[in-house]
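**Q** sequence plus predicted model, see below.
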Amino acid sequence: MPMSVKGFSAAAVGAGIRYQHRLDLGLIYSDRPAVAAGVFTTNRVKAAPVLLDIERLRRGQAQAILVNSGNANACTGEQGMELARSVGQMAADRLGIDPELVQIASTGVIGEALDTGPFAEAMPELIASLSKDGFDDLAMAIMTTDTVPKVVRKTIDVVGVPVSILGVAKGSGMIMPDMATMLCFLITDARIVFPVLREIVTTGVENTFNRITVDGDTSTNDTVLVLANGAAGNPWLDEDSPAAVESFGRAVTEVFGKLATKIVADGEGATKAVTIQVKGARDKDGALAAARTIANSPLVKTAFFGQDPNWGRIMAALGRSDCFFHPDRVSIAFDDVPIVVEGTGLGPEAERKSAQVMQQDAFILTIDLHDGSGSGEIQTCDFSKEYIEINADYRS
(Lines give C-alpha, C1' and ligand atoms only; values in the text may rest on other atoms or scores of the structure.)
Protein backbone atom coordinates (compact mmCIF):
# COMPACT_ATOMS: atom_id res chain seq x y z
CA MET A 1 0.00 0.00 0.00
CA PRO A 2 1.53 3.36 -0.99
CA MET A 3 2.34 5.52 2.01
CA SER A 4 0.82 8.72 0.67
CA VAL A 5 -2.25 10.94 1.11
CA LYS A 6 -3.63 13.32 -1.50
CA GLY A 7 -2.35 16.87 -1.09
CA PHE A 8 0.34 15.99 1.48
CA SER A 9 4.09 15.61 1.14
CA ALA A 10 6.90 14.87 3.59
CA ALA A 11 10.66 14.87 3.81
CA ALA A 12 13.50 14.20 6.23
CA VAL A 13 17.18 15.10 6.29
CA GLY A 14 20.18 14.65 8.54
CA ALA A 15 20.77 18.07 10.13
CA GLY A 16 23.23 16.98 12.82
CA ILE A 17 21.07 18.37 15.63
CA ARG A 18 22.59 15.92 18.11
CA TYR A 19 24.00 12.98 16.21
CA GLN A 20 25.77 12.72 12.87
CA HIS A 21 24.90 10.53 9.89
CA ARG A 22 21.21 9.98 10.67
CA LEU A 23 17.89 11.55 9.74
CA ASP A 24 16.78 13.93 12.49
CA LEU A 25 14.75 16.76 10.92
CA GLY A 26 11.40 16.14 9.25
CA LEU A 27 8.58 18.09 7.65
CA ILE A 28 4.96 17.36 6.74
CA TYR A 29 3.36 19.81 4.31
CA SER A 30 -0.16 20.21 2.96
CA ASP A 31 -0.66 21.98 -0.35
CA ARG A 32 -3.50 23.93 1.27
CA PRO A 33 -4.39 24.97 4.85
CA ALA A 34 -5.87 22.01 6.71
CA VAL A 35 -8.34 21.67 9.55
CA ALA A 36 -6.15 20.76 12.55
CA ALA A 37 -6.65 19.37 16.04
CA GLY A 38 -4.25 18.12 18.69
CA VAL A 39 -3.85 16.52 22.09
CA PHE A 40 -0.82 17.21 24.25
CA THR A 41 0.97 16.05 27.38
CA THR A 42 -0.72 16.58 30.75
CA ASN A 43 2.68 16.96 32.39
CA ARG A 44 2.84 20.33 34.19
CA VAL A 45 6.25 20.79 32.57
CA LYS A 46 5.48 21.38 28.91
CA ALA A 47 8.13 21.83 26.24
CA ALA A 48 8.24 25.03 24.21
CA PRO A 49 6.89 23.37 21.03
CA VAL A 50 3.89 22.04 22.96
CA LEU A 51 3.07 25.48 24.36
CA LEU A 52 3.47 27.06 20.92
CA ASP A 53 1.29 24.44 19.23
CA ILE A 54 -1.49 24.83 21.79
CA GLU A 55 -1.46 28.57 21.16
CA ARG A 56 -1.53 28.20 17.37
CA LEU A 57 -4.17 25.48 17.27
CA ARG A 58 -6.78 27.85 18.65
CA ARG A 59 -7.50 28.83 15.06
CA GLY A 60 -8.12 25.17 14.16
CA GLN A 61 -5.84 25.29 11.13
CA ALA A 62 -2.34 24.20 10.17
CA GLN A 63 -0.44 23.60 6.96
CA ALA A 64 2.90 22.16 8.06
CA ILE A 65 4.53 20.23 10.89
CA LEU A 66 8.27 20.67 11.50
CA VAL A 67 9.73 18.01 13.78
CA ASN A 68 13.20 17.26 15.08
CA SER A 69 14.78 14.55 17.20
CA GLY A 70 17.86 14.82 19.42
CA ASN A 71 16.71 17.83 21.45
CA ALA A 72 13.33 18.20 23.19
CA ASN A 73 13.56 22.00 23.60
CA ALA A 74 11.98 21.46 27.04
CA CYS A 75 12.78 23.34 30.26
CA THR A 76 14.39 26.06 28.16
CA GLY A 77 12.24 29.02 29.23
CA GLU A 78 11.40 31.98 27.02
CA GLN A 79 14.53 31.31 24.98
CA GLY A 80 13.07 27.96 24.03
CA MET A 81 9.84 29.61 22.87
CA GLU A 82 11.77 32.06 20.71
CA LEU A 83 13.83 29.23 19.23
CA ALA A 84 10.68 27.25 18.41
CA ARG A 85 9.17 30.29 16.70
CA SER A 86 12.45 30.89 14.87
CA VAL A 87 12.71 27.43 13.30
CA GLY A 88 9.02 27.57 12.39
CA GLN A 89 9.61 30.92 10.68
CA MET A 90 12.45 29.35 8.67
CA ALA A 91 10.11 26.68 7.34
CA ALA A 92 7.28 29.16 6.70
CA ASP A 93 9.54 31.49 4.73
CA ARG A 94 10.75 28.67 2.48
CA LEU A 95 7.23 27.31 2.00
CA GLY A 96 5.67 30.74 1.47
CA ILE A 97 3.01 30.26 4.15
CA ASP A 98 1.84 32.01 7.31
CA PRO A 99 4.18 31.00 10.20
CA GLU A 100 1.12 30.61 12.42
CA LEU A 101 0.20 27.60 10.26
CA VAL A 102 3.44 25.79 11.14
CA GLN A 103 3.23 23.34 14.04
CA ILE A 104 6.47 22.44 15.82
CA ALA A 105 7.37 19.15 17.52
CA SER A 106 10.60 18.08 19.19
CA THR A 107 11.86 14.97 20.94
CA GLY A 108 15.13 14.11 22.63
CA VAL A 109 17.15 15.35 25.58
CA ILE A 110 15.39 17.68 28.04
CA GLY A 111 17.00 20.83 29.39
CA GLU A 112 19.45 21.67 26.61
CA ALA A 113 19.22 24.84 24.52
CA LEU A 114 18.25 24.26 20.91
CA ASP A 115 20.84 25.38 18.34
CA THR A 116 19.04 26.86 15.34
CA GLY A 117 22.15 26.66 13.15
CA PRO A 118 21.54 23.09 11.94
CA PHE A 119 17.92 23.99 11.10
CA ALA A 120 18.95 26.97 8.99
CA GLU A 121 21.61 24.98 7.15
CA ALA A 122 19.34 21.99 6.47
CA MET A 123 16.11 23.84 5.63
CA PRO A 124 16.74 24.34 1.88
CA GLU A 125 17.44 20.63 1.38
CA LEU A 126 14.47 19.68 3.56
CA ILE A 127 12.01 21.76 1.52
CA ALA A 128 13.52 20.60 -1.77
CA SER A 129 13.13 16.97 -0.71
CA LEU A 130 9.37 17.14 -0.10
CA SER A 131 7.68 14.17 -1.73
CA LYS A 132 4.34 12.41 -1.51
CA ASP A 133 6.35 9.27 -0.68
CA GLY A 134 8.47 10.85 2.07
CA PHE A 135 6.65 9.49 5.11
CA ASP A 136 8.88 6.47 5.67
CA ASP A 137 11.88 8.80 5.94
CA LEU A 138 9.92 11.06 8.27
CA ALA A 139 9.19 8.09 10.54
CA MET A 140 12.93 7.37 10.70
CA ALA A 141 13.80 10.98 11.50
CA ILE A 142 11.66 11.16 14.64
CA MET A 143 13.10 8.01 16.24
CA THR A 144 15.18 8.35 19.40
CA THR A 145 15.50 5.04 21.27
CA ASP A 146 12.94 3.46 18.95
CA THR A 147 14.22 0.40 17.14
CA VAL A 148 11.69 0.47 14.30
CA PRO A 149 9.77 3.23 12.46
CA LYS A 150 6.02 3.29 13.02
CA VAL A 151 3.70 4.06 10.08
CA VAL A 152 0.08 2.98 9.51
CA ARG A 153 -2.15 3.78 6.52
CA LYS A 154 -5.84 3.08 5.93
CA THR A 155 -8.37 3.92 3.22
CA ILE A 156 -12.12 4.06 3.86
CA ASP A 157 -15.22 4.95 1.89
CA VAL A 158 -16.96 8.17 2.94
CA VAL A 159 -20.30 8.49 1.16
CA GLY A 160 -18.89 6.90 -1.97
CA VAL A 161 -15.58 8.79 -1.91
CA PRO A 162 -12.27 7.08 -0.97
CA VAL A 163 -10.58 8.84 1.94
CA SER A 164 -7.03 8.12 3.09
CA ILE A 165 -5.64 8.23 6.63
CA LEU A 166 -1.94 7.94 7.42
CA GLY A 167 -0.34 8.00 10.84
CA VAL A 168 3.33 8.27 11.83
CA ALA A 169 4.47 7.87 15.43
CA LYS A 170 7.52 7.54 17.63
CA GLY A 171 7.74 6.23 21.16
CA SER A 172 9.75 3.66 23.06
CA GLY A 173 10.51 5.00 26.53
CA MET A 174 9.14 7.67 28.89
CA ILE A 175 5.75 6.30 27.88
CA MET A 176 2.58 6.71 29.84
CA PRO A 177 0.31 9.07 28.08
CA ASP A 178 -2.02 11.11 29.88
CA MET A 179 -1.45 11.60 27.12
CA ALA A 180 2.58 8.03 25.71
CA THR A 181 7.92 10.38 25.00
CA MET A 182 5.62 9.97 22.13
CA LEU A 183 4.78 11.91 19.02
CA CYS A 184 2.02 11.06 16.55
CA PHE A 185 1.14 12.86 13.36
CA LEU A 186 -1.96 11.77 11.49
CA ILE A 187 -2.92 13.22 8.12
CA THR A 188 -6.05 12.67 6.08
CA ASP A 189 -7.54 14.06 2.89
CA ALA A 190 -11.02 13.97 4.47
CA ARG A 191 -13.18 17.08 4.40
CA ILE A 192 -14.32 17.60 7.99
CA VAL A 193 -15.34 20.47 10.26
CA PHE A 194 -13.14 21.39 13.21
CA PRO A 195 -15.48 20.57 16.13
CA VAL A 196 -16.09 17.07 14.77
CA LEU A 197 -12.39 16.44 14.11
CA ARG A 198 -11.46 17.67 17.59
CA GLU A 199 -13.97 15.30 19.21
CA ILE A 200 -12.77 12.35 17.12
CA VAL A 201 -9.13 13.05 18.01
CA THR A 202 -9.82 13.51 21.72
CA THR A 203 -11.90 10.34 21.97
CA GLY A 204 -9.49 8.34 19.83
CA VAL A 205 -6.47 9.31 21.94
CA GLU A 206 -8.30 8.50 25.17
CA ASN A 207 -9.10 4.98 23.98
CA THR A 208 -5.68 4.18 22.48
CA PHE A 209 -2.62 6.20 23.49
CA ASN A 210 -4.05 6.74 26.96
CA ARG A 211 -4.28 2.95 27.37
CA ILE A 212 -0.58 2.16 27.00
CA THR A 213 2.40 2.36 29.32
CA VAL A 214 6.02 1.32 29.04
CA ASP A 215 7.49 2.78 32.21
CA GLY A 216 4.90 5.05 33.84
CA ASP A 217 6.70 8.27 32.88
CA THR A 218 4.75 11.03 31.14
CA SER A 219 6.91 13.15 28.84
CA THR A 220 7.13 16.93 28.55
CA ASN A 221 6.68 16.69 24.78
CA ASP A 222 3.85 14.20 24.12
CA THR A 223 1.98 15.43 21.05
CA VAL A 224 -0.72 14.11 18.75
CA LEU A 225 -1.44 16.33 15.75
CA VAL A 226 -4.08 15.62 13.10
CA LEU A 227 -4.39 17.52 9.83
CA ALA A 228 -7.34 17.10 7.44
CA ASN A 229 -6.91 19.00 4.16
CA GLY A 230 -10.16 18.04 2.38
CA ALA A 231 -8.41 17.06 -0.87
CA ALA A 232 -10.53 13.90 -1.19
CA GLY A 233 -13.58 16.07 -1.92
CA ASN A 234 -15.98 13.95 0.12
CA PRO A 235 -19.24 15.45 1.41
CA TRP A 236 -18.49 17.42 4.58
CA LEU A 237 -18.19 15.36 7.74
CA ASP A 238 -20.22 17.39 10.19
CA GLU A 239 -23.06 17.21 12.71
CA ASP A 240 -25.51 16.46 9.88
CA SER A 241 -23.72 13.24 8.81
CA PRO A 242 -23.55 11.13 12.00
CA ALA A 243 -23.15 7.75 10.28
CA ALA A 244 -20.25 8.93 8.13
CA VAL A 245 -18.65 10.68 11.11
CA GLU A 246 -18.90 7.51 13.19
CA SER A 247 -17.28 5.45 10.43
CA PHE A 248 -14.47 7.95 9.97
CA GLY A 249 -13.96 8.17 13.74
CA ARG A 250 -13.61 4.39 13.99
CA ALA A 251 -10.98 4.46 11.24
CA VAL A 252 -8.96 7.19 12.97
CA THR A 253 -9.13 5.29 16.27
CA GLU A 254 -8.02 2.11 14.49
CA VAL A 255 -4.94 3.87 13.12
CA PHE A 256 -4.19 5.36 16.56
CA GLY A 257 -4.63 1.90 18.10
CA LYS A 258 -2.22 0.20 15.71
CA LEU A 259 0.38 2.89 16.34
CA ALA A 260 -0.10 2.59 20.11
CA THR A 261 0.44 -1.18 19.90
CA LYS A 262 3.63 -0.61 17.89
CA ILE A 263 4.90 1.75 20.60
CA VAL A 264 4.36 -0.82 23.37
CA ALA A 265 5.92 -3.62 21.33
CA ASP A 266 8.96 -1.37 20.79
CA GLY A 267 9.29 -0.41 24.46
CA GLU A 268 12.91 0.19 25.43
CA GLY A 269 14.46 -3.25 25.84
CA ALA A 270 11.06 -4.92 25.68
CA THR A 271 10.85 -8.62 24.92
CA LYS A 272 7.11 -9.05 25.50
CA ALA A 273 3.93 -7.10 24.80
CA VAL A 274 1.35 -7.70 27.53
CA THR A 275 -2.32 -6.74 27.62
CA ILE A 276 -3.67 -6.24 31.15
CA GLN A 277 -7.42 -6.81 31.26
CA VAL A 278 -9.35 -6.09 34.45
CA LYS A 279 -13.03 -7.00 34.53
CA GLY A 280 -15.70 -7.43 37.16
CA ALA A 281 -14.87 -4.09 38.82
CA ARG A 282 -17.53 -1.82 40.30
CA ASP A 283 -16.94 0.74 37.53
CA LYS A 284 -14.73 1.48 34.53
CA ASP A 285 -12.53 3.99 36.35
CA GLY A 286 -11.68 1.44 39.03
CA ALA A 287 -10.87 -1.20 36.43
CA LEU A 288 -8.57 1.16 34.54
CA ALA A 289 -6.84 2.24 37.76
CA ALA A 290 -6.21 -1.39 38.66
CA ALA A 291 -4.93 -2.28 35.18
CA ARG A 292 -2.65 0.75 35.05
CA THR A 293 -1.16 0.07 38.50
CA ILE A 294 -0.38 -3.52 37.58
CA ALA A 295 1.01 -2.48 34.19
CA ASN A 296 3.37 0.04 35.82
CA SER A 297 4.63 -2.18 38.66
CA PRO A 298 8.40 -2.73 38.23
CA LEU A 299 8.10 -6.01 40.13
CA VAL A 300 5.34 -7.27 37.86
CA LYS A 301 7.17 -6.11 34.73
CA THR A 302 10.43 -7.77 35.74
CA ALA A 303 8.48 -10.97 36.46
CA PHE A 304 7.13 -10.77 32.91
CA PHE A 305 10.71 -10.58 31.64
CA GLY A 306 11.74 -13.55 33.79
CA GLN A 307 8.70 -15.55 32.65
CA ASP A 308 7.81 -15.99 36.30
CA PRO A 309 4.03 -16.17 37.00
CA ASN A 310 4.53 -14.55 40.41
CA TRP A 311 0.87 -13.78 41.00
CA GLY A 312 1.59 -12.43 44.47
CA ARG A 313 3.17 -9.38 42.84
CA ILE A 314 0.01 -8.90 40.78
CA MET A 315 -2.17 -9.09 43.89
CA ALA A 316 0.09 -6.65 45.73
CA ALA A 317 -0.07 -4.13 42.88
CA LEU A 318 -3.82 -4.57 42.64
CA GLY A 319 -4.13 -3.90 46.36
CA ARG A 320 -2.43 -0.50 46.16
CA SER A 321 -4.48 0.70 43.21
CA ASP A 322 -7.45 3.05 43.50
CA CYS A 323 -9.84 0.19 42.93
CA PHE A 324 -12.05 -1.36 45.58
CA PHE A 325 -12.26 -5.17 45.52
CA HIS A 326 -12.57 -8.22 47.74
CA PRO A 327 -9.28 -10.16 47.71
CA ASP A 328 -11.07 -13.48 48.22
CA ARG A 329 -13.05 -13.01 44.97
CA VAL A 330 -10.11 -12.33 42.64
CA SER A 331 -9.30 -14.67 39.75
CA ILE A 332 -6.15 -14.35 37.60
CA ALA A 333 -5.28 -16.03 34.30
CA PHE A 334 -2.48 -15.88 31.73
CA ASP A 335 -4.24 -16.18 28.37
CA ASP A 336 -6.70 -19.01 29.05
CA VAL A 337 -4.65 -20.59 31.85
CA PRO A 338 -6.08 -19.84 35.32
CA ILE A 339 -3.55 -19.45 38.12
CA VAL A 340 -5.72 -17.91 40.88
CA VAL A 341 -9.40 -18.59 41.66
CA GLU A 342 -11.27 -16.79 44.43
CA GLY A 343 -8.04 -15.36 45.83
CA THR A 344 -6.24 -18.71 46.09
CA GLY A 345 -3.41 -20.00 43.90
CA LEU A 346 -4.00 -23.23 41.98
CA GLY A 347 -0.58 -24.67 42.66
CA PRO A 348 2.64 -25.66 40.84
CA GLU A 349 1.02 -27.17 37.74
CA ALA A 350 -0.99 -24.01 37.05
CA GLU A 351 2.18 -21.95 37.51
CA ARG A 352 4.09 -24.22 35.09
CA LYS A 353 1.42 -23.77 32.41
CA SER A 354 1.31 -20.02 33.03
CA ALA A 355 5.09 -19.81 32.66
CA GLN A 356 4.74 -21.48 29.27
CA VAL A 357 2.29 -18.78 28.22
CA MET A 358 4.78 -16.12 29.35
CA GLN A 359 7.39 -17.47 26.94
CA GLN A 360 5.35 -15.96 24.10
CA ASP A 361 6.16 -12.56 22.60
CA ALA A 362 2.64 -11.40 23.51
CA PHE A 363 0.01 -12.60 25.98
CA ILE A 364 -3.00 -11.40 27.98
CA LEU A 365 -3.14 -11.15 31.76
CA THR A 366 -6.78 -11.19 32.91
CA ILE A 367 -7.89 -10.22 36.41
CA ASP A 368 -11.56 -10.77 37.29
CA LEU A 369 -12.65 -9.01 40.49
CA HIS A 370 -16.17 -10.51 40.48
CA ASP A 371 -17.61 -7.33 41.96
CA GLY A 372 -19.46 -5.58 39.13
CA SER A 373 -19.57 -4.93 35.40
CA GLY A 374 -16.72 -2.42 35.06
CA SER A 375 -13.82 -3.32 32.79
CA GLY A 376 -10.63 -1.71 31.54
CA GLU A 377 -7.57 -2.60 29.48
CA ILE A 378 -3.99 -1.31 29.42
CA GLN A 379 -1.20 -2.41 27.10
CA THR A 380 2.32 -2.64 28.50
CA CYS A 381 5.61 -4.51 28.15
CA ASP A 382 8.23 -6.13 30.35
CA PHE A 383 11.28 -4.54 31.98
CA SER A 384 14.51 -6.10 30.79
CA LYS A 385 18.16 -5.45 31.63
CA GLU A 386 18.40 -3.53 28.36
CA TYR A 387 15.88 -0.93 29.60
CA ILE A 388 18.32 0.05 32.37
CA GLU A 389 21.28 0.08 29.98
CA ILE A 390 19.46 2.28 27.44
CA ASN A 391 18.35 4.85 29.99
CA ALA A 392 21.60 4.85 31.97
CA ASP A 393 23.50 5.76 28.81
CA TYR A 394 20.86 7.91 27.05
CA ARG A 395 22.86 11.16 27.02
CA SER A 396 26.21 9.52 26.30
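**A** Cool, the structure landed.

**Q** quick check: buried residues in whichever strand or helix holds Val152?
**A** Mapping Val152 onto the secondary structure by DSSP states H and E places it in strand 150-158. Across strand 150-158, burial judged by 16 or more other C-beta atoms under 10 Å covers Lys150, Val151, Val152, Arg153, Lys154, Ile156, Val158. Where you see a C-beta, it was placed from the backbone N, CA and C, and this is true even at glycine.

**Q** contacting residues around Asp368?
**A** Shown in contact with Asp368 (C-beta atoms under 8 Å, 6 or more residues apart in numbering): Val278, Lys279, Gly280, Val330, Ser331, Ile332, Ala333.

**Q** ok, the first one to Ala290 distance?
**A** As for Val278, its distance to Ala290 is 5 Å (criterion: C-beta to C-beta, to the nearest Å).

**Q** so for these two, which residues contact both of them?
**A** In contact with both Val278 and Ala290: Cys323, Ile367, Leu369, Gly376, using C-beta under 8 Å, 6+ apart.

**Q** and the last one, which of the three is it?
**A** For Gly376, the secondary-structure state derived from DSSP: H, G, I helix; E, B strand; the rest coil is strand.

**Q** what is the least confident helix or strand in the chain?
**A** Every helix and strand in the chain was compared by mean pLDDT, DSSP states H and E; the lowest is helix 385-392, with a mean of 66.

**Q** so Cys323 sits against Asp283, correct?
**A** No: using C-beta atoms under 8 Å, Cys323 makes no contact with Asp283, being 9.0 Å away.

**Q** so which of these two has more stuff around it?
**A** Set Cys323 next to Asp283 and count neighbours by other C-beta atoms under 10 Å: Cys323 wins out with 25 against 16.

**Q** contacting residues around the more buried one?
**A** Val278, Ala281, Gly286, Ala287, Ala289, Ala290, Thr293, Leu369.

**Q** same thing with Phe40?
**A** Phe40 sits next to Lys46, Val50, Asp53, Ile54, Met179, Asp222, Thr223, Val224 when contact means C-beta under 8 Å, 6+ apart.

**Q** excluding covalently adjacent residues, which one is nearest to the first one?
**A** This points to Lys46. Excluding the flanking residues, the one nearest Lys46 by C-beta to C-beta, 6 or more residues apart in numbering is Thr220, at 6.0 Å.

**Q** and the pLDDT for the nearest residue to Gln360 once chain neighbours are set aside?
**A** Leaving aside its sequence neighbours, Gln360 sits nearest to Lys272 (C-beta to C-beta, 6+ apart; 7.4 Å). If you check Lys272, the pLDDT there is 87.

**Q** Ala74 versus the closest residue to Leu23 other than its chain neighbours, what's the distance?
**A** Sequence neighbours aside, Ala141 is the residue nearest to Leu23 in space, at 3.9 Å (criterion: C-beta to C-beta, 6+ apart). As judged by C-beta to C-beta, Ala141 and Ala74 stand 19 Å apart.

**Q** give me every residue that touches the residue nearest to Lys132 when sequence neighbours are not counted.
**A** Residue nearest to Lys132 in three dimensions, not counting chain neighbours: Ser4, with 4.3 Å by C-beta to C-beta, 6+ apart. The contact partners of Ser4, by C-beta under 8 Å, 6+ apart, come to Lys132, Asp133, Phe135, Ser164, Leu166.

**Q** now for the residues you listed: which two are most distant?
**A** Asp133 and Ser164 (13.4 Å; C-beta to C-beta).

**Q** for those two, work out which one has more neighbours and name it.
**A** Ser164 (23 against 12).

**Q** hmm, Val152 and the more buried one touching each other?
**A** No: using C-beta under 8 Å, Ser164 makes no contact with Val152, being 11.6 Å away.

**Q** pLDDT weak spots in the stretch 201-350 of the chain?
**A** Confidence mapping of the stretch 201-350 of the chain against pLDDT under 70 gives the ranges 214-219, 267-269.

**Q** count of neighbours near Ile378?
**A** 26.

**Q** what bridges to it?
**A** Counting by DSSP bridges, Ile378 is bridged to Ile276.

**Q** ok, now which ones touch it?
**A** Contacts of Ile378 (C-beta under 8 Å, 6+ apart): Arg211, Ile212, Thr213, Thr275, Ile276, Leu288, Ala291, Arg292, Ile294, Ala295.

**Q** domain ranges for this protein, per the record?
**A** Listed by automatic domain parsing, the domain ranges of the chain are 8-265, 273-392.

**Q** quick one, which of these is packed in tightest?
**A** Among the domains of the chain, domain 8-265 has the highest mean neighbour count (mean count of other C-beta atoms under 10 Å), at a mean of 21.

**Q** so Val196 sits against Glu246, correct?
**A** No: with contact defined as C-beta under 8 Å, Val196 does not count as touching Glu246 (10.5 Å).

**Q** the closest residue to Gly134 other than its chain neighbours and Val152: what is the separation?
**A** Leaving aside its sequence neighbours, Gly134 sits nearest to Ala10 (C-beta to C-beta, 6+ apart; 3.6 Å). Note on Ala10: its distance to Val152, by C-beta to C-beta, is 15 Å.

**Q** hang on, the earlier thing: nearest to Ala91 among the contacts of Ile378?
**A** Ile212 (30.6 Å).

**Q** list phi and psi for the closest one.
**A** phi -130, psi 150 (degrees, to the nearest 10).

**Q** please name the bridge partners of it.
**A** Gln379.

**Q** for the closest residue to Arg282 other than its chain neighbours, what are its contacts?
**A** Closest residue in space to Arg282, ignoring its immediate chain neighbours: Gly372 at 4.0 Å, by C-beta to C-beta, 6+ apart. Counting by C-beta under 8 Å, 6+ apart, Gly372 touches Gly280, Ala281, Arg282, Asp283.

**Q** how much space between Val5 and Ile165?
**A** Using C-beta to C-beta, Val5 is found at 7 Å from Ile165.
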